[in-house]
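Chemist: Return a 3D structure for these sequence lines:
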Amino acid sequence: MKKLTLTLTILTLVLFVFSARTLVINSYMSDPAPKEVFSKLVADFEEMYPEIDVTVNTFAHEDFKTLLRTWLGSNNAPDVVTWFAGERMRYFAEKGFLEPLDDIFPNGFEEEFPEAFRTASAYQDNIYFIPQSWYWWGVYYNKAVFKDLSLEIPKTWNEFMAVNETLKENGKIPMAIGTKFLWTAGGWFDYLNMRINGIEFHTEFTAGKVPFTDPRVKKVFEYWKEMVDKGYFINNHSAYSWQEAANRLFTGEAGMYLMGQFIKDVAPENVKDDIDFFRFPIIDSNVGVYEDTPIDGFMVPKNAKNIEDAKLFMKYIAGKESQQYFADELGRLAANKKVTPPDAHAQAGMDMILESDGVMQFFDRDMDPEMANNAMNGFVEFMMFPNRIDAILENLENIRQRIYN
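Modeler: Have a look, this model is predicted:
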């Protein structure tokens, strides 16, 4: 009898091992806070579907960007990957690297998400991207520093420049930035271009339809150059990651930082409440007020081994409960339209976006990846050597013509 019981037990274990399904997720959520929150969501999914064993491989954000192309083209692709909406998603969908996900929404994509998100999540009328959260960009500032120096929130460019000057005169770094990874400079181009030239021009530019040598583009760099020449940016910024530069804001060494809401993820608990944001200042009152609102989420590679369970996970991650948890824990705005902002900070971000005249994703999400990378290299070079601007723009224009023509 004991032998029979042992045999049945072993047989049961063998059957379980062979029947268990594995789901592989490659994630860029490497910062501690989002990594922990995502791991809890995965654990909840495994509890709901105990027959599925989920493996999460987490990579540093910049490494992930480099490796993703290799994974998507591989015959051994992961089942789910984190990624960005908009042009960054469409780039891979156009190449046939992604699995369409329309069938996980029997009542339509708009059952869960705002109709405005469809454009950023679809390619040729098929959904290839599941939005999880979105966030706003703003000028984050240290409230204690502003209070000590009796600084008011600037609303116009002249007021903003005056704040920068006051900070500098009092031994503070006016603007923190870390350009070791290039994308932070892309935020500055986005906002200056949108404030000076408007969203229609910015959209044409990121679509590769405007020469880098266009006088309207040059005007953006004239405003930017004034800040560089006056020493308003942190010294040696190309040596710092965005997180390292953010520490200068948290300690009060710097007064401001143009950054996305996720800066709160890396802020120490004792200073989180002392870090707030304001809208990027108005330069031309005749130009509409536009903002960057990147959308993060997930895709399923076409070559995934377990597409069935990948879609099951995508349906789970699109749902109200999972999106509510992610938003509440990280102070994000959930993509699911049934989720309300988790706190006053997020509500202020949403209010700012709702009051705007239009939104973009972000420079390196709206532009062809190769062109964006070259452009951001040029932006950082300009910040280090502002007098080279003409040569930099001419070089970028040559690259634009090669890529788009």
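Chemist: Report the contact partners of the closest residue to residue 347 other than its chain neighbours.
Modeler: Excluding the flanking residues, the one nearest residue 347 by Cβ to Cβ, 6 or more residues apart in numbering is residue 341, at 4.3 Å. Any C-beta I mention is one placed from the backbone N, CA and C, and that applies to glycine too. Shown in contact with residue 341 (Cβ atoms under 8 Å, 6 or more residues apart in numbering): 327, 333, 347, 349-350.
Chemist: Which of the residues you listed fall within helices?
Modeler: 327, 347, 349-350 (DSSP state H).
Chemist: Relative to residue 218, which of these is nearest.
Modeler: Checking the ones in helices among the contacts of residue 341 against residue 218 with Cβ to Cβ, the nearest one is residue 349 at 32.1 Å.
Chemist: And the contacts of stretch 306-315?
Modeler: By Cβ under 8 Å, 6+ apart, stretch 306-315 touches 21-25, 45, 49, 52, 54, 79-80, 99, 101, 103-104, 130, 298, 300, 304.
Chemist: These in strands, which ones?
Modeler: Taking DSSP state E, the ones among these that sit in strands are 21-25, 52, 54, 80, 130, 298.
Chemist: Rounded mean pLDDT for stretch 56-64, please.
Modeler: Mean pLDDT, stretch 56-64: 90.
Chemist: what's the spacing between that stretch and its chain's center?
Modeler: 14 Å (Cα atoms, centre = their mean, to the nearest Å).
Chemist: do the same with stretch 218-236
Modeler: 24 Å.
Chemist: residues of that stretch that come out buried?
Modeler: 220-221, 223-224, 227-228, 232-234 (16 or more other Cβ atoms under 10 Å).
Chemist: same deal with stretch 119-129?
Modeler: In stretch 119-129, counting by 16+ other Cβ under 10 Å, buried: 120-123, 127-129.
Chemist: Can you tell me which of the residues you listed end up in strands?
Modeler: Counting by DSSP E, the buried residues of stretch 119-129 place 122-123, 127 in strands.
Chemist: Distance of the closest residue in space to residue 384 that isn't next to it in sequence relative to residue 179?
Modeler: Among residues not flanking residue 384 along the chain, residue 238 sits closest, at 6.4 Å (Cβ to Cβ, 6+ apart). Distance of residue 238 to residue 179, given as Cβ to Cβ, to the nearest Å: 5 Å.
Chemist: For the spatially closest residue to residue 94 that is not a sequence neighbour, list the residues it contacts.
Modeler: Once flanking residues are discounted, residue 94 sits nearest to residue 123: 6.4 Å by Cβ to Cβ, 6+ apart. Each residue near residue 123 by Cβ under 8 Å, 6+ apart is listed here: 89-90, 93-94.
Chemist: filter those to the buried ones?
Modeler: Among the contacts of residue 123, those scoring as buried are 89-90, 93 (criterion: 16+ other Cβ under 10 Å).
Chemist: all strands of this protein, in order?
Modeler: Taking DSSP E, the strands of the chain run over residues 21-27, 52-58, 80-84, 122-123, 126-127, 130-134, 137-142, 173-175, 254-260, 275-278, 290-292, 295-299, 333-334, 358-360.
Chemist: Put the alpha carbons of the second one into CSV.
Modeler: It stands for strand 52-58. Taking C-alpha atoms only, strand 52-58 is exported to CSV below (Å, rounded to 0.1, in the frame of the first residue of the first chain):
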residue,chain,number,x,y,z
ILE,A,52,1.2,29.1,-14.8
ASP,A,53,4.8,29.6,-13.5
VAL,A,54,5.9,33.2,-14.3
THR,A,55,9.6,34.0,-14.7
VAL,A,56,10.4,37.8,-14.6
ASN,A,57,13.8,38.8,-16.0
THR,A,58,14.6,42.4,-15.0
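Chemist: What are the contacting residues of that strand?
Modeler: Taking Cβ under 8 Å, 6+ apart as the rule, strand 52-58 contacts 20-30, 35, 38-39, 42, 45-46, 78, 309, 312-313.
Chemist: Per-residue confidence, the closest residue to residue 350 other than its chain neighbours, what does it come out as?
Modeler: Leaving aside its chain neighbours, residue 350 sits nearest to residue 341 (5.2 Å; criterion: Cβ to Cβ, 6+ apart). Looking at residue 341, its pLDDT reads 90.
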